[in-house]
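Please find the sequence and the predicted model below.
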Amino acid sequence: MTAASQKLTRSAKGERARARLKAAALKVLEREGYHKMRIADVTREAGVAQGLFYHYFSDLKSLTMEVLEDFINPAQNVDDIERGVERGDWYGRIYAHNLLVVASYARRPGVMRCLLQMADDEPAFSALLRESYREQLMWLVKLLPKMFPGVKFRRHQALMTVYALAGIGEGLLREHYINESETLRAAKLSTEQLAELLSTMFYRALFLEHPPADKLKYTGNLAAMHR
């Protein structure tokens, strides 16, 4: 085996080891939280010797930052999120984004809590998280002036409108999945139902009308909410 091939093999092996540790860290973060996680927890979950950790990461903070960055990255890829949704299907596009967020909360509520913990502890990560959230919303902010030319949206107006609507949904999801509100969880909504509810409210607030009836399963009766 040549030196080059040996280096490639070591590199590939190293990447597999890093991936294994990151996958283990994600599970530990979900189960224990950032403040309680220890290196021994991660290596035990990964099934590797504790000393191996320092071959790939300098400390728990660097590992956690990388794991959480990987976790939030899919939310920034609009093309992937909206794959299969027609551009003119505004409800479908809004639903696709909400479904991704709701699924993240439903699947990994502990990790979503860790995002907030890390943001509180690390200014650099806080800035990263805010920028990621901004990027999630900017696709719609940029489109509002084109969608509603008669409004003559100023940029800050479009930004504040979208942030206000999205913020209501974020508050609901945190209360439901992170704070585990008994009142909200008593409804026993599925991920799809909760995403539909958020999307319907968002659509009604934005377009001042109910989404197309054929798109709805859980919130179709809300069309009767009008004055």
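Yep, it's here. Numbering: from 1, shown residues only.

tell me what the longest helix seen in the chain is packed against?
For the chain, the longest helix by residue count, based on DSSP state H, is helix 3-32. Under the contact definition 3 or more C-beta pairs under 8 Å, 6 or more residues apart in numbering; DSSP states H and E, helix 3-32 sits against helix 39-46, helix 53-56, helix 60-72, helix 109-121. Quick note: C-beta positions are derived from backbone N, CA and C, even for glycine.

Same question for that helix: list its buried residues.
17, 20, 21, 22, 24, 25, 26, 27, 28, 29, 30, 32 (16 or more other C-beta atoms under 10 Å).

Run a quick check on the third one versus residue 46, I expect a contact.
To tie it back to what came earlier, the one meant is residue 21. Yes: using C-beta atoms under 8 Å, residue 21 makes contact with residue 46 at a distance of 5.1 Å.

Now do the contacts for residue 20.
46, 47, 48 (C-beta atoms under 8 Å, 6 or more residues apart in numbering).

Outline the domain layout of the protein.
If you go by automatic domain parsing, the domain ranges for the chain are 3-57, 68-224.

Adding mean pLDDT, write those out as JSON lines.
Below are these laid out as JSON lines (pLDDT from 0 to 100):
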{"stretch": "domain 3-57", "mean pLDDT": "85"}
{"stretch": "domain 68-224", "mean pLDDT": "94"}
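
what sits against the closest residue to residue 46 other than its chain neighbours?
Of all residues beyond its chain neighbours, the one nearest residue 46 is residue 24 (3.7 Å), with distances taken as C-beta to C-beta, 6 or more residues apart in numbering. Contacts for residue 24 (C-beta under 8 Å, 6+ apart) come out as 42, 43, 45, 46.
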